[in-house]
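Asker: what follows is a predicted protein model with its sequence.
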Amino acid sequence: MLLDFPKLRQKKKKKAEEKKSVDLKAVKKDILSIIENLDYDDGSYGPLFVRLAWHSAGTYDKVSKTGGSNGAGMRFAPESDWGANAGLALARGLLEKVKQKHPQISYSDLWVYAGVVAIEAMGGPQVPFRLGRSDYADGKAHPLPDGRLPDATKGAEHLREIFYRMGFNDQEIVALSGAHGLGRCHPDRSGFVGPWTNAPTTFSNEFFRVLLDEKWEKAKAPNGAVQYWDSKTKKLMMLTTDLALIEDPKFRPYVEKYKQDEKLFFKDFSAAFQKLTELGVPGFQKSWWQKLFCQ
């Protein structure tokens with residue numbers, strides 16, 4: 001097949017012009033202006049924005065090359081109605097105000113960028129971000145099957161099934177799981193209840209410390225499934241997928257490393273989160289000739 005180099009150059013130029021029209025500093029300022037809210041949970045929408053970015057990207061399948069953050073398919077049913085995405089309409093609604101002010105940025109770029117900004121705002125690492133995602137016109141052309149996001153009631157093998165499908169390894173699975181140090185579960189969303197740590201709006205390695213140092217007692221969640229409370233205060237909770245990280249002999253060494261070395265955790269999380277949010281985005285993983293003409 002002959003390559004149409006003039007057309008590829010034109011496409012490259014068009015993308016470059018679109019990127020220039022987005023003022024990321026202004027977008028960041030507007031995201032930061034709405035993150036803090038004393039009337040919501042622990043005073044911050046930050047954890048919610050991280051969850052939106054993660055769930056918009058975590059649908060990728062490396063075999064079929066479907067899913068991922070490109071397209072912002074969560075705007076449409078049935079993806080918007082998945083149980084795993086319950087509560088994220090709030091995040092999408094909040095960011096709609098930013099989108100209306102900056103129409104040049106795609107929804108898919110905005111959702112990922114909001115998560116990146118939130119991580120840094122809550123004391124976490126800088127995650128490299130680049131523009132380039134586009135939005136689907138509707139949800140019919142790129143339908144995805146439900147079940148691509150983690151099920152909190154299952155264990156280690158389920159985690160591997162979900163994350164290996166995207167192309168992650170055990171170390172990256174544990175690093176990404178460290179985001180559970182943020183936020184809390186809600187009975188009307190996941191069906192579980194409670195925070196993982198005592199500082200749910202601060203990005204740190206506290207999740208790993210709590211996971212290893214506390215004793216966990218099995219309990220029944222509001223949805224009838226199993227969750228766990230810490231035996232001392234009964235205020236902190238863990239999910240079955242969380243306990244799997246210390247019960248599985250291949251996962252546990254990474255949990256122990258990240259508990260001891262927050263700097264290492266930040267470094268590994270930043271790399272894994274960037275990888276997650278770029279999966280499935282056309283042009284982000286290119287062959288040599290595409291790098292020359294399509295960037």
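Answerer: Okay, I see it.
Asker: do you know how far residue 236 is from residue 120?
Answerer: 25 Å (CB to CB, to the nearest Å). C-betas here are computed from N, CA, C, even on glycine.
Asker: more neighbours: these two, which one.
Answerer: Per other CB atoms under 10 Å, whichever of residue 236 and residue 120 has more neighbours is residue 236, with 21 against 17.
Asker: which residue, other than its chain neighbours, is closest to that one?
Answerer: residue 230 (4.4 Å; CB to CB, 6 or more residues apart in numbering).
Asker: dump the residue contacts of that neighbour.
Answerer: 210, 214, 215, 216, 217, 236, 237, 238 (CB atoms under 8 Å, 6 or more residues apart in numbering).
Asker: from these, which land in helices?
Answerer: residue 210 (DSSP state H).
Asker: want to try a markdown table for the contacts of residue 230, with distance to residue 198 as columns?
Answerer: Shown next, in a markdown table, are these (distance: CB to CB, whole Å):
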| residue | distance to residue 198 |
| --- | --- |
| 210 | 8 |
| 214 | 11 |
| 215 | 16 |
| 216 | 15 |
| 217 | 18 |
| 236 | 7 |
| 237 | 12 |
| 238 | 14 |
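Asker: please, where are all the strands along the protein?
Answerer: 184-185, 194-195, 216-220, 226-230, 237-238 (DSSP state E).
Asker: residue 26 is nearest to which of those strands?
Answerer: strand 184-185 (30.9 Å; CB to CB).
Asker: counting neighbours, what do you get for residue 38?
Answerer: Neighbours around residue 38, by other CB under 10 Å: 8.
Asker: I should have written residue 164 there, sorry.
Answerer: Going by other CB under 10 Å, the residues that sit close to residue 164 add up to 13.
Asker: which residues touch it?
Answerer: Contacts of residue 164 (CB under 8 Å, 6+ apart): none.
Asker: that one and residue 170, how far apart?
Answerer: 9 Å.
Asker: to residue 136, which of the strands of the chain lies closest?
Answerer: Nearest of those (CB to CB): strand 184-185, 29.7 Å.
Asker: narrow the contacts of residue 230 to those that are buried.
Answerer: 210, 214, 216, 236, 237, 238 (16 or more other CB atoms under 10 Å).
Asker: from residue 278, how far off is the fifth one?
Answerer: This means residue 237. 31 Å.
Asker: now do the contacts for the closest residue to residue 30 other than its chain neighbours.
Answerer: Spatially, and ignoring its direct neighbours in sequence, residue 30 is nearest to residue 98 (4.8 Å; CB to CB, 6+ apart). Going by CB under 8 Å, 6+ apart, residue 98 touches 27, 30, 31, 34, 110, 114.
Asker: which of these has the largest number of neighbours?
Answerer: Busiest of those [other CB under 10 Å] is residue 114, holding 30 neighbours.
Asker: show the pLDDT at it.
Answerer: Residue 114 is assigned 98 on the pLDDT scale.
Asker: would you turn the strands of the chain into CSV with mean pLDDT?
Answerer: Formatted as CSV, those follow (pLDDT from 0 to 100):
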stretch, mean pLDDT
strand 184-185, 97
strand 194-195, 98
strand 216-220, 97
strand 226-230, 98
strand 237-238, 98
